[in-house]
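Asker: kindly return the folded structure for what I paste below:
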Amino acid sequence: MIPIVRTLSVLFLAFGALSLRAQAPAQETKEKPALTLSELGDEIDVSLRWLRGRQDLSTGSYGGVLETLTVLEAFATSPRTYRPSDGPFVSKAVDFLLARQAENGAISDPAAGESTLLLQTKVAIRVLVRFGGHDAALARARTFVGDLSTGAGETSGPEDPFAAQWKPMLEGPDPRRALIEKAHAFLATRRADGAWESEHGDVIGTSVAIATLSSIHGHWKRLEPKPAEREAHSLPAFTPADRERVDAALARGAAFLLAQAVEPGRFGFESHADPGITAMVLGGLLSVKEPRPPEVERAIESALDWLVSLQRSDGSIHDGQLANYVTSAALMVLARAGREKDVPVIQRARDYLRALQSDEADGYRPSDRYYGGVGYGGDERPDLSNLQMALEALSAAGAAQGDETFQKALVFLQRCHNRSESNDLSLVEGGSSIVSGNDGGAGYAPGESKAGFVELPDGKKVPRSYGSMTYALLKGYLFAGLDRSDPRVEAAWGWITRNYTLDVNPGFESSSDPTAPYQGLFYYFTAMAKALDLYAEETIVDASGVSHAWRTELAGRLIAMQRQDGSWVNDNAGRWYEDLPVLATAYAMIALRTALPE
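Answerer: Now for the predicted structure:
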């Protein structure tokens with residue numbers, strides 16, 4: 001065992017040195033596996049997920065006051081900086097602490113001795129200050145610890161308690177590499193379930209390890225070079241396309257995809273087979289007109305078999321990352337392929353997606369910000385992108401419009417919708433009030449938009465609506481059984497008609513980044529095709545009164561963007577992996593077949 005720099009004393013004001021069992025220095029190897037900043041964030045999410053599973057939902061506790069305090073520090077200092085509005089895994093834990101406050105203002109475990117009682121109260125002040133609010137409880141706790149003259153400062157410690165530990169690395173010749181190696185060393189001591197052991201218990205050990213990795217993540221992020229400024233190039237001109245041209249484009253796309261296989265029936269990037277990308281490629285290959293060439297059918301069968309082999313005991317289908325996204329994508333293609341032997345697999349995956357929804361089973365109430373939503377499966381913040389994937393997968397697997405999952409999803413959908421009549425969300429974050437707008441479009445999640453915010457004259461902020469999420473919203477409403485006369489559907493349709501375009505993902509135009517309107521462009525085209533196909537309106541009249549036959553126009557746009565080798569790629573913006581031709585090609589093929597079905 002080796003100590004972690006008296007982590008508890010630094011982080012939590014001297015609870016004593018913490019040792020993690022089995023944390024011997026990692027053996028040096030000639031070559032460590034690659035680790036990116038994004039992947040480190042994913043690894044932190046895995047361990048946060050483990051922590052969340054330790055909560056007693058009836059009390060909000062993670063084992064006691066000390067354990068709950070360390071868990072809250074882990075969530076708050078992680079790269080995602082979780083807050084009480086994110087869900088009961090934080091809010092109920094805070095409530096648990098407040099319920100443990102004694103009349104004299106102390107917040108501690110019942111059996112705590114005098115010195116421990118004082119220390120736990122100081123840490124509780126630190127946590128409450130970090131989350132904001134609870135002024136009365138804070139005042140009483142501060143009185144108990146002696147009404148410290150510097151208030152929160154003395155009880156909260158340094159912003160980064162690990163700064164001294166990393167200083168030699170940051171002043172060395174290659175600080176980025178040193179931090180990466182330190183992250184590898186920590187991850188090498190983690191158990192397979194995402195937890196760390198310690199003499200103070202696994203909850204505390206895991207919380208402190210997460211805080212350490214989060215500090216590494218923060219320093220590493222600051223060392224990353226700023227991306228070079230890029231220019232954006234307008235998309236090529238196009239003419240409406242017919243079904244014959246679509247079939248030819250799909251055949252060329254399929255030939256390209258088959259040539260990209262990492263191994264038979266498996267697709268990904270570089271030499272790594274990825275089940276999420278494989279599921280998306282399957283969607284593209286299934287879009288090829290039947291009867292399909294034998295080599296396409298062989299690839300489809302092999303890929304389906306591989307996805308089935310990845311199903312876990314809980315029904316999910318993935319290799320350890322993006323559980324909802326990959327399971328949803330896999331469920332869609334399994335349902336579409338219609339193989340009789342896959343029926344039990346489809347049923348288990350469908351049940352898993354239902355269980356993944358943030359609802360009463362996870363301690364959420366309808367009044368909670370993210371109630372009814374679905375996230376990646378490792379990220380504790382649901383979003384509209386993941387929700388619409390899950391809802392589409394459930395629909396493909398036979399879930400009816402009256403399904404309880406769809407009805408709960410309506411609560412979340414409305415909170416993403418800039419329509420104040422149905423959006424009850426009101427937040428205060430970073431000192432700003434976030435409220436619903438009224439343009440009828442949608443952002444990424446309740447109170448959040450990848451396109452930023454619209455600032456109102458009174459200082460309030462509205463999540464900016466943008467194209468791909470507004471189409472996702474429309475899809476969600478239709479899956480839930482709302483008809484075209486519903487005012488929520490009418491509002492979303494109004495935004496779509498006013499912002500109809502095949503040149504950009506609309507909503508990002510105010511950004512100073514010229515590539516921003518092209519972010520997620522192929523995702524946008526796919527969401528558009530699926531939403532408009534569901535809506536069953538063949539023409540769109542835009543803000544200028546011009547009528548558009550969207551099916552042939554969208555098909556023409558995509559065919560004009562196809563490259564000579566049969567692929568598609570987002571040349572302007574690689575965000576969300578659209579600079580990977582294999583993924584962009586899959587999106588384009590799915591959108592083409594949806595726009596002009598056989």
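
Asker: ramachandran angles for residue 272?
Answerer: Main-chain torsions, residue 272, degrees, to the nearest 10: phi -100, psi 120.

Asker: correct me, but residue 530 touches residue 391?
Answerer: No. Using Cβ atoms under 8 Å, residue 530 is not in contact with residue 391; the gap is 11.1 Å. Where you see a C-beta, it was placed from the backbone N, CA and C, and this is true even at glycine.

Asker: can you identify the element that follows the helix or strand that contains residue 246 toward the C-terminus?
Answerer: Using DSSP states H and E, the element containing residue 246 is helix 243-259. Per DSSP H and E, helix 243-259 leads on to strand 268-269 as the next helix or strand towards the C-terminus.

Asker: tell me what that next one is packed against?
Answerer: Under the contact criterion of 3 or more Cβ pairs under 8 Å, 6 or more residues apart in numbering; DSSP states H and E, strand 268-269 touches helix 275-285.

Asker: next one: the following helix or strand past the helix it packs on to chain centre, how far?
Answerer: Going down the chain from helix 275-285, the next helix or strand is helix 294-309, by DSSP H and E. Relative to its parent chain, helix 294-309 has a centroid offset of 28 Å by Cα atoms, centre = their mean, to the nearest Å.

Asker: please apply the same query to stretch 268-279.
Answerer: Using Cα atoms, centre = their mean, the offset of stretch 268-279 from its chain centre is 19 Å.

Asker: again with stretch 383-403
Answerer: That offset, for stretch 383-403, works out to 17 Å (Cα atoms, centre = their mean).

Asker: now do the buried residues in stretch 45-65.
Answerer: 45-52, 54-55, 60-65 (16 or more other Cβ atoms under 10 Å).

Asker: so which helix or strand of this protein has the lowest pLDDT on average?
Answerer: Confidence across the helices and strands of the chain bottoms out at strand 2-3, with a mean of 34, counting by mean pLDDT, DSSP states H and E.

Asker: surely residue 371 touches residue 410?
Answerer: No. With contact defined as Cβ under 8 Å, residue 371 does not count as touching residue 410 (10.3 Å).

Asker: between these two, tell me which one has more neighbours.
Answerer: Taking neighbours as other Cβ atoms under 10 Å, residue 371 and residue 410 compare with residue 371 leading, 23 against 18.

Asker: distance check, the closest residue to the more buried one other than its chain neighbours against residue 85.
Answerer: Leaving aside its chain neighbours, residue 371 sits nearest to residue 364 (4.8 Å; criterion: Cβ to Cβ, 6 or more residues apart in numbering). For residue 364, the distance to residue 85 equals 12 Å [Cβ to Cβ, to the nearest Å].

Asker: and the two? which has more neighbours close in?
Answerer: residue 364 (25 against 18).

Asker: OK, contacts around that one?
Answerer: 87-88, 358, 370-371 (Cβ atoms under 8 Å, 6 or more residues apart in numbering).

Asker: what pLDDT does the spatially most central residue of the chain get?
Answerer: Closest residue to the average C-alpha location of the chain: residue 376 at 4.8 Å, with Cα atoms, centre = their mean. At residue 376, the pLDDT value in this model is 83.

Asker: which ones are touching residue 80?
Answerer: 41, 45, 379-381.

Asker: quick check: phi and psi on residue 564?
Answerer: Torsion angles at residue 564 (phi, psi; degrees, to the nearest 10) stand at phi -60, psi -30.

Asker: if I look at it, how far off is residue 204?
Answerer: Counting by Cβ to Cβ, the gap from residue 564 to residue 204 is 58 Å.

Asker: neighbour-wise, which of these two wins?
Answerer: residue 204 (27 against 6).

Asker: excluding covalently adjacent residues, which one is nearest to that one?
Answerer: The shortest distance from residue 204 to any non-neighbouring residue, by Cβ to Cβ, 6+ apart, is to residue 70 (5.0 Å).

Asker: got it, and residue 426?
Answerer: residue 435 (5.7 Å).

Asker: show me what contacts the one you found?
Answerer: So residue 435 contacts 420, 425-426, 456, 460-462 (Cβ under 8 Å, 6+ apart).

Asker: also residue 71?
Answerer: Going by Cβ under 8 Å, 6+ apart, residue 71 touches 51, 54-55, 62, 93, 203, 207.

Asker: repeat for residue 283
Answerer: Going by Cβ under 8 Å, 6+ apart, residue 283 touches 329, 332-333, 336, 586, 589-590.

Asker: go with 6 Å
Answerer: 333, 590 (Cβ atoms under 6 Å, 6 or more residues apart in numbering).

Asker: next one: it from residue 519, what distance?
Answerer: Between residue 283 and residue 519 the computed distance is 21 Å (Cβ to Cβ).

Asker: show me what residue 445 is bridged to.
Answerer: Beta-bridge pairing for residue 445 (DSSP bridges): residue 448.

Asker: is it in contact with residue 383, as I believe?
Answerer: Yes. Assessed by Cβ atoms under 6 Å, residue 445 is found in contact with residue 383 at 4.3 Å.

Asker: for the protein, longest helix please?
Answerer: What stands out as the longest helix in the chain, according to DSSP state H, is helix 202-223.

Asker: distance between it and the chain's centre?
Answerer: Relative to the centre of its chain, helix 202-223 is centred 19 Å away, using Cα atoms, centre = their mean.

Asker: buried ones in that helix?
Answerer: Quick answer for helix 202-223 (16+ other Cβ under 10 Å): 202-220.

Asker: equivalent analysis for stretch 133-144, please.
Answerer: Using 16+ other Cβ under 10 Å as the test for burial, stretch 133-144 gives 134, 137-138, 140-142, 144.

Asker: and the residues you listed, which is closest to residue 576?
Answerer: residue 134 (37.6 Å; Cβ to Cβ).

Asker: got a list of what residue 533 touches?
Answerer: residue 594.

Asker: gap between it and residue 502?
Answerer: Going from residue 533 to residue 502 by Cβ to Cβ gives 16 Å.

Asker: what's around residue 365, how many residues?
Answerer: When neighbours are counted by other Cβ under 10 Å, residue 365 comes out with 10.

Asker: once you drop chain neighbours, what's closest to it?
Answerer: Residue 365's closest residue in space is residue 371 (Cβ to Cβ, 6+ apart), at 6.5 Å.

Asker: what are the ranges of the strands in the protein?
Answerer: Counting by DSSP state E, the chain has strands at residues 2-3, 19-20, 268-269, 272-273, 426-429, 432-435, 453-455, 461-463, 539-541, 547-549.
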